[in-house]
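Structure, please.
(one chain, ligands or ions: 1)
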Amino acid sequence: PEHRPLYGKHVLITAGPTHEPIDPVRYIANRSSGRQGFAIAAAAANAGARVTLVAGPVTLATPHGVDRIDVESAREMDAAVKNALPVDVAIMVAAVADWRTRDFIAEKMKKRGSAPPALRLMENPDILASVAAGTKRPGLLIGFAAETQDVLENAKMKRKRKGVDWIVANDVSGDVMGGDRNRVNIVTEAGVETLDDMPKADVARALIERVADALADKVND
Ligand code: C5P
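Numbers count the residues shown, from 1 in each chain. Got it, this is the predicted structure:
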C-alpha cells in the first residue's frame, strides 16, 4: 500500500560514533550525535520496513518499531552488521572511527611523573566497503560522507571506491554536528540531487521516499 512502501523489506542502518578504547577510562571517537541515523531508522519503520539499527554509543531513544543493537567499537559494529545480513537495503550512517589503538592498556594510565604516552594506532575495518564487496551485498547499499571541503567531488569518488550505490554527502564545516538540521546531496549513478537545508527528520523522510522509489523501479524492471 502507498503509505507502507517498504512493507516486507528489511532495512539495516548504522548510526552514531564508535568508541575505540585506549584504557578503561579513555577512548578515541569521531563526533556524531546519531541523530540523522536514528531519524532514518524512524522513517524506515514508518514506511513499514523491518528495521535493524546498529547503534554506537549515543543517548538517543530507540525509535518506535525498530530493533536496536548497541555496540561500542568498530569491530563490534562490523560483527553486528555482518550478523544482520542479508537485508534488502543497508544505510550506513555511522561515523566509524578510522583507527583504534594497537594495544589496549588494561589499567588506567597515570599522568603523574611520566611523559605523555604515544598512541600507536592501526586501521579499523571499513564496514561499508566490506559489505559492498561481500557475498551478501544488499540490493541497495547507501553510504554517508561527511566532508568539510570538495563535498561533491569526494562523494563521487567515494561512491566508486567503496562500491556502493548511493552516497549521501553533507558539508559538516558548519554546525550540522549534533544539530537539528542537515543539508545533503544524494549522489547516485544517475547524478546528484541536492536537497534543501531541512530538519534531519525531513532529510530522513526524503531519503526513505527515494529508497522506496528505487526498490519499486527494480521490481518493475
Ligand atoms: O571513508 P569514510 O569514513 O568517509 O566513509 C564514510 C562512510 O563509510 C559512511 O557510510 C560510514 O558509515 C562508512 N564507514 C564504515 N566503516 C568505516 C568507515 C566508514 O562503514 N570504518
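
okay, CA-based contacts and neighbour counts for the rest of this
Noted.

For residue 47, list the residues it contacts.
With contact set as C-alpha atoms under 8 Å, 6 or more residues apart in numbering, residue 47 has these partners: 3-7, 208.

just the helices in this protein please.
Taking DSSP state H as the criterion, the chain carries its helices at 35-46, 74-84, 127-133, 151-162, 200-220.

Out of these, flag the one nearest the ligand.
When the helices of the chain are compared by C-alpha to the nearest ligand atom, helix 127-133 sits nearest the ligand, at 3.7 Å.

can I get the CA coordinates of that closest one in CSV?
In CSV, the C-alpha atoms belonging to helix 127-133 read as follows (Å, rounded to 0.1, in the frame of the first residue of the first chain):
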residue,chain,number,x,y,z
ILE,A,127,32.4,-1.9,7.3
LEU,A,128,30.8,-0.3,4.4
ALA,A,129,33.4,-1.3,1.8
SER,A,130,33.5,-4.9,3.1
VAL,A,131,29.7,-5.2,2.9
ALA,A,132,29.9,-3.8,-0.6
ALA,A,133,32.5,-6.5,-1.6
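
what's the distance between it and the middle of its chain?
From the chain centre to the centre of helix 127-133 is a distance of 12 Å (C-alpha atoms, centre = their mean, to the nearest Å).

Do any residues in it lie close to the ligand?
Yes. Counting by C-alpha under 6 Å from any ligand atom, the ligand has neighbours in helix 127-133: 127-128.

hang on, the earlier thing: deepest in the core, which of the helices of the chain is it.
helix 35-46 (a mean of 26; mean count of other C-alpha atoms under 10 Å).

can you list the residues of the protein near the ligand?
92-96, 98, 124-128, 143-145.

okay, these in JSON lines with pLDDT and distance to residue 33 next?
As requested, the residues of the chain next to the ligand are exported to JSON lines (pLDDT from 0 to 100; distance: C-alpha to C-alpha, whole Å):
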{"residue": "92", "pLDDT": "98", "distance to residue 33": "14"}
{"residue": "93", "pLDDT": "98", "distance to residue 33": "11"}
{"residue": "94", "pLDDT": "98", "distance to residue 33": "10"}
{"residue": "95", "pLDDT": "97", "distance to residue 33": "9"}
{"residue": "96", "pLDDT": "98", "distance to residue 33": "12"}
{"residue": "98", "pLDDT": "96", "distance to residue 33": "17"}
{"residue": "124", "pLDDT": "98", "distance to residue 33": "20"}
{"residue": "125", "pLDDT": "95", "distance to residue 33": "21"}
{"residue": "126", "pLDDT": "97", "distance to residue 33": "20"}
{"residue": "127", "pLDDT": "98", "distance to residue 33": "19"}
{"residue": "128", "pLDDT": "98", "distance to residue 33": "19"}
{"residue": "143", "pLDDT": "98", "distance to residue 33": "17"}
{"residue": "144", "pLDDT": "97", "distance to residue 33": "14"}
{"residue": "145", "pLDDT": "95", "distance to residue 33": "15"}
